[in-house]
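Chemist: need coordinates for the following:
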Amino acid sequence: MVAKATSRSQENTDSLVIDALTSQDIETIRLALAKDNVELASKSLKIRHSFTHIADTTELLSVVFAGITSVLAFTSSANQGEVASRTISYVAGLCGVIGISLSTFSSYAAREAD
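Modeler: Residues are numbered from 1 along each chain as shown. As a prediction, the model looks like this:
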């Protein structure tokens, strides 16, 4: 019973506040809310565009790193037994990991853009 009394009291207070507003006040509030909605939509579109650009760029970089990895892997296999072969193999593996990371981030950015 106490909750119902509080609820009715709240309804009466809300009704008094709405009744106290003039039509000009209501219009001002409506315009302010509309302006906020436009700003939010604009920000959302900018963010989506940014994520699309990031997704495209990181996907391109991941393909470039995959190519570099392939070239370095073949180069290191041609120099088997040499000290430089270990370094080239290490760099090839590093480029491969970077390429996979960029590819994963590209997928994330593409999902966020949608």
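
Chemist: helix, strand, or coil at Gln80?
Modeler: Classification of Gln80 by DSSP: H, G, I helix; E, B strand; the rest coil places it in coil.

Chemist: correction: the previous question concerned Lys46.
Modeler: helix.

Chemist: host element of Ile29?
Modeler: Taking DSSP states H and E as the definition, Ile29 sits inside helix 23-78.

Chemist: give me the buried positions along stretch 54-70.
Modeler: Using 16 or more other CB atoms under 10 Å as the test for burial, stretch 54-70 gives 54-55, 58-59, 61-62, 65-66, 68-69. Using the backbone N, CA and C atoms, a C-beta is placed for each residue, glycine as well.

Chemist: quick one: which of these is nearest Tyr108?
Modeler: The closest of the buried residues of stretch 54-70 to Tyr108 turns out to be Ala55 (CB to CB; 8.1 Å).

Chemist: show me the contacts for the closest one.
Modeler: Applying CB atoms under 8 Å, 6 or more residues apart in numbering, one finds that Ala55 lies in contact with 106-107, 109-110, 113.

Chemist: measure Phe65 to Ser107 for me?
Modeler: When distances are taken as CB to CB, to the nearest Å, Phe65 and Ser107 turn out to be 15 Å apart.

Chemist: below-threshold pLDDT in this structure: ranges please.
Modeler: Applying pLDDT under 70 to the chain picks out residues 1-19.

Chemist: measure the nearest residue to Asp114 once chain neighbours are set aside to Asn79 for me?
Modeler: Across the structure, with CB to CB, 6 or more residues apart in numbering as the measure, the residue nearest Asp114 apart from its sequence neighbours is Arg48 (7.9 Å). Shown here: Arg48 relative to Asn79, a distance of 47 Å by CB to CB.

Chemist: centre-most residue in the chain?
Modeler: Per CA atoms, centre = their mean, the C-alpha nearest to the average position across the chain is that of Glu112, at 4.5 Å.

Chemist: got the contact list for Ser62?
Modeler: Contact analysis of Ser62 by CB under 8 Å, 6+ apart lists 99-100, 102-103, 106.

Chemist: quick one: buried ones out of the residues you listed?
Modeler: 99, 102-103, 106.

Chemist: sorry, back to before: roughly how far is the helix holding Ile29 from the heart of the chain?
Modeler: Taking the mean of its C-alpha atoms, helix 23-78 sits 6 Å from the chain's own mean (CA atoms, centre = their mean, to the nearest Å).
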